[in-house]
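Peer 1: The sequence isn't on hand, but the structure is:
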């Protein structure tokens, strides 16, 4: 009887753990990332004569040092940190663009798309061509892009420049085009790297923010990286603070934004 009871309890516990796992869009445990940079060989008579073998020496640069967190389904999870703290590296690892070091665990439950301004654009192509290129990279078929093309163009307000190569676009115009494409993409999880905020002029910012709040956020889990603390306070349920690859704080915006801001004063 005791053995049977133990088996039942184990099954119940397993089912409970499985249910808990399904409540999370992303689960990360002990994520580390080290880059290895080849040292520049010393150009000297001594090394030339003796042909020292240190030309292949590599220097280890730890970008992430044991980061762990969960993102709940439907949660807007922010990541902040000074330049070089590991934010973009972490997003690339979640998106499987980079492998993590041995020992890290990543679980993603749902279709995931990473968004970064300019990512997937070719400056030598026109906006028309880039809508098809970027849309296909983000998972839309050419048929779907064709059906949504007029909506994308209308939202971007770039009708007069649709056949202009985007290398001649201002950064604001590129932002508008990227945002217009992104809001028509379907996914469960979005990784947004400095993607939202400061998109185009004031009127376009207001329009994009309205769409972001009223349409884009519905039934989606979002990991948002931004230096704009106004955006982070307004949208994020929780925020992770990174500094030099380390996880230094995790909590509500009111709890952790002061921690982030203190990094600029405490070195």
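Peer 2: Ah, there it is. Just so you know, these numbers come straight off a predicted model, no measurement behind them. Residues are numbered from 1 along each chain as shown.
Peer 1: Please verify my assumption that residue 162 contacts residue 130.
Peer 2: No: in this structure, residue 162 is not within contact of residue 130 by CB atoms under 8 Å, at 9.9 Å. No exception for glycine: its C-beta is placed from N, CA and C like everyone else's.
Peer 1: Between these two, which has more neighbouring residues?
Peer 2: It is residue 130, of residue 162 and residue 130, that has more neighbours when counted by other CB atoms under 10 Å, with 23 against 16.
Peer 1: Who are the contact partners of that one?
Peer 2: Neighbour list for residue 130: 121-122, 166, 177 [criterion: CB atoms under 8 Å, 6 or more residues apart in numbering].
Peer 1: among those, which ones are buried?
Peer 2: By neighbour count, with 16 or more other CB atoms under 10 Å, the contacts of residue 130 hold 121, 166, 177 as buried.
Peer 1: Can you pull out the residues in contact with the helix or strand hosting the last one?
Peer 2: Counting by DSSP states H and E, the element that carries residue 177 is helix 171-182. Among residues not part of helix 171-182, those counted as contacts by CB under 8 Å, 6+ apart are 115, 117-119, 121, 127, 130-131, 134-135, 138, 152-153, 155-158, 161, 166, 169, 195-196, 198-201, 204, 208.
Peer 1: Buried ones from those, can you make that a ChimeraX selection?
Peer 2: To isolate the buried subset of the contacts of helix 171-182 in ChimeraX, counting by 16+ other CB under 10 Å, use the following:
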select :115,117,121,127,130,131,134,135,138,152,153,155,156,157,158,161,166,169,195,196,199,200,204,208
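Peer 1: low-scoring stretches of the stretch 51-200 of the chain, by residue?
Peer 2: Low-confidence segments of the stretch 51-200 of the chain (pLDDT under 70): 51-56, 196-200.
Peer 1: which residues of it fall in strands?
Peer 2: With strands called from DSSP state E, counting those that start in this stretch, the stretch 51-200 of the chain shows them at 58-72, 76-81, 105-108, 112-116, 189-193.
Peer 1: and residue 256, which of those is closest to it?
Peer 2: Closest to residue 256 of the strands of the stretch 51-200 of the chain, according to CB to CB: strand 76-81, at 7.8 Å.
Peer 1: now the helix holding residue 177: how far from the chain's centre is it?
Peer 2: In terms of CA atoms, centre = their mean, to the nearest Å, the centre of helix 171-182 is set 17 Å apart from its chain centre.
Peer 1: Also stretch 57-68?
Peer 2: Relative to its chain's centre, stretch 57-68 lies at 19 Å (CA atoms, centre = their mean).
Peer 1: Not counting it itself, show me its contacts.
Peer 2: Applying CB under 8 Å, 6+ apart, the contact partners of stretch 57-68 are 28-39, 86, 89-90, 93, 100, 240, 242, 244-247.
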